[in-house]
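K.L.:
structure for this input, please:
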Amino acid sequence: MEFQDARLAIADLVHTYALNIRRGNGGDCVHLFTEDAVFEVREAPFGSNDAGRTRTSLKGRDAILSYLIRAASADTRVCPLIHNLLIQVDGREAASTCVMTSLVWPSGQQIVGEYQDRYRYETGWRFCSRQFTMFEKPAAQ
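P.N.:
Sure thing, here's the model as predicted:
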C-alpha cells in the first residue's frame with residue numbers, strides 16, 4: 001500500500017463519516033470503525049491546551065453505532081464540514097487531525113471543534129479512535 005493511496009483512503013473515510021451524519025444515516029457508519037474502536041466527545045475552551053471535560057465515552061463498534069443512530073433524528077439534522085485535514089501514515093496505522101464546523105437544523109446552532117483520529121488498516125482503513133473536542137465559546141470579559 002502506497003503512502004499517497006493510504007492518505008486518500010483515509011480522507012475518504014473521514015468524509016464518508018461526515019456524509020452519513022449529514023444524511024442522518026448513522027447506521028451506515030458500521031463499517032467505518034474497528035470492532036474495538038473508541039469514540040469520545042469532549043468540551044474545552046477555544047484555544048486551550050486543556051484536554052477538556054468528557055461528555056461521552058464509548059467503547060466498541062456496537063456502542064458507537066447505537067450512539068450515532070440515536071443522535072440522528074428525523075427533526076434534527078447535523079451538517080458537518082471538515083477543514084484542514086492532516087494525515088500521518090505509519091505502515092498499517094495512521095493518525096489525523098481536522099477542524100469540524102457544523103450547522104444544526106432547524107435550530108441554527110453552530111458547533112466548532114477538532115477531531116483527533118487514529119486508524120488501523122484491516123480489510124481497509126477504519127477508525128480505531130475518534131476524539132471530538134467541541135470548542136466552548138470564551139466567557140465574556
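K.L.:
helix or strand: which one has the residue nearest to residue 27 when sequence neighbours are not counted?
P.N.:
Spatial nearest neighbour of residue 27, chain neighbours left out: residue 69 (5.2 Å); criterion: C-beta to C-beta, 6 or more residues apart in numbering. C-betas here are computed from N, CA, C, even on glycine. Following DSSP states H and E, one finds residue 69 within helix 61-71.
K.L.:
now do residue 80
P.N.:
Judged by DSSP H and E, residue 80 forms part of strand 77-90.
K.L.:
same for that strand, what does it pack against?
P.N.:
Using 3 or more C-beta pairs under 8 Å, 6 or more residues apart in numbering; DSSP states H and E, the elements in contact with strand 77-90 are helix 3-22, strand 93-105.
K.L.:
the ones you listed: which one's closest to residue 61?
P.N.:
helix 3-22 (13.3 Å; C-beta to C-beta).
K.L.:
what residues of that closest one count as buried?
P.N.:
For helix 3-22, burial by neighbour count (16 or more other C-beta atoms under 10 Å) applies to 6-7, 9-11, 13-14, 17-18, 20-22.
K.L.:
pLDDT weak spots in the chain?
P.N.:
Counting by pLDDT under 70, the chain contains low-confidence ranges at 1, 73-74, 138-141.
K.L.:
what do you get if the cut-off is 90, keeping everything else the same?
P.N.:
Along the chain, segments meeting pLDDT under 90 span 1-4, 30, 45-53, 69-78, 104-109, 136-141.
K.L.:
distance between the ends of stretch 100-118?
P.N.:
Using C-alpha to C-alpha, to the nearest Å, one end of stretch 100-118 lies 16 Å from the other.
K.L.:
and the strand holding residue 80, how far from the chain's centre?
P.N.:
Relative to its chain's centre, strand 77-90 lies at 8 Å (C-alpha atoms, centre = their mean, to the nearest Å).
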